[in-house]
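**Q** pasting the sequence and the predicted model now:
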Amino acid sequence: MAKMTMTMQAAIFQLSQLKTEMDRTKNAIVQFHNYPLSVNQGPPADTSKQEAIVANALKRMKALEEDYLTLQDAIDQKNRESGTGHLLNEVTAKRRRLRLLEPLASIHNAPGANYTAENGVGLVEYGLPGYNQILEVVTDLRDEVNQISLAIDQSNALTEIEVNLKTLEKKK
């Protein structure tokens, strides 16, 4: 088990690496998902080598999962201590609202952008009432999200955590 100190930025990257390694380890099992166990209902094939590979992969997946949870818990704890947790919640909420409003800020909804000749009526202009307000809110939200994201990135680059991980070697 390696006791490691790393920045939050490195820890977040390491979470991603652990997920990727979990997928790779699963592939060691998947390669045998349709393995021939016998031919013409004859004696069972010797699968001891494959069973050992599967057993080792399952053991590795468990260790990777434990490291993932240890690392995620350390990140969550440090976020609570540093106040970054609140910023993460705030940026998530603002991004959610931004995703809802951005399609409405499309140029197709702008006044003067969408005219249709209607039979028996004439030229009709279509658009979204309040478009300019929506565009202003979207622009402001983008700026706020960028500022909060920068603050989170800066905090993650400077804040360190210490964790004990089973699957990683300590770098010298």
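**A** Yes, it's here.
**Q** distance of residue 101 from residue 37?
**A** Here the criterion is C-beta to C-beta, to the nearest Å. By it, residue 101 lies 56 Å from residue 37. Where you see a C-beta, it was placed from the backbone N, CA and C, and this is true even at glycine.
**Q** repeat for residue 166
**A** Taking C-beta to C-beta as the measure, residue 166 and residue 37 are separated by 33 Å.
**Q** looking at the two, which is more packed in?
**A** Looking at residue 166 and residue 37 with other C-beta atoms under 10 Å, you find the greater number of neighbours at residue 166, namely 12 against 9.
**Q** can you give me the helices for the protein?
**A** Assigned by DSSP state H, the chain shows helices spanning 8-30, 48-82, 84-101, 131-158.
**Q** what's the angle between the last one and helix 84-101?
**A** It refers to helix 131-158. 150 degrees (axes from the mean of the first three to the mean of the last three C-alpha atoms, to 10 degrees).
**Q** the second one too?
**A** For helix 48-82 and helix 84-101, the angle between their directions (the same axes, to 10 degrees) works out to 100 degrees.
**Q** same deal with the first one?
**A** With the same axes, to 10 degrees applied, the angle from helix 8-30 to helix 84-101 works out at 70 degrees.
**Q** residues contacting the nearest residue to residue 148 once chain neighbours are set aside?
**A** Nearest residue to residue 148, sequence neighbours excluded (C-beta to C-beta, 6 or more residues apart in numbering): residue 91, at 4.4 Å. For residue 91, the contact set (C-beta atoms under 8 Å, 6 or more residues apart in numbering) comprises 145, 148-149, 152.
**Q** measure residue 91 to residue 66 for me?
**A** Distance of residue 91 to residue 66, given as C-beta to C-beta: 29 Å.
**Q** ok, residue 93 next?
**A** Distance of residue 93 to residue 66, computed by C-beta to C-beta: 31 Å.
**Q** residue 133: which of the contacts of residue 91 is nearest?
**A** Residue 133 has its nearest neighbour among the contacts of residue 91 in residue 145, at 18.4 Å by C-beta to C-beta.
**Q** may I have the phi/psi pair for the residue with the largest distance to the centre of the chain?
**A** For the chain, the largest distance from the centre (C-alpha atoms, centre = their mean) belongs to residue 120, which lies 52.8 Å off. Phi and psi for residue 120, reported as degrees, to the nearest 10, are phi 80, psi 0.
**Q** before we move on, what about residue 167?
**A** The phi/psi pair for residue 167 (degrees, to the nearest 10) reads phi -100, psi 0.
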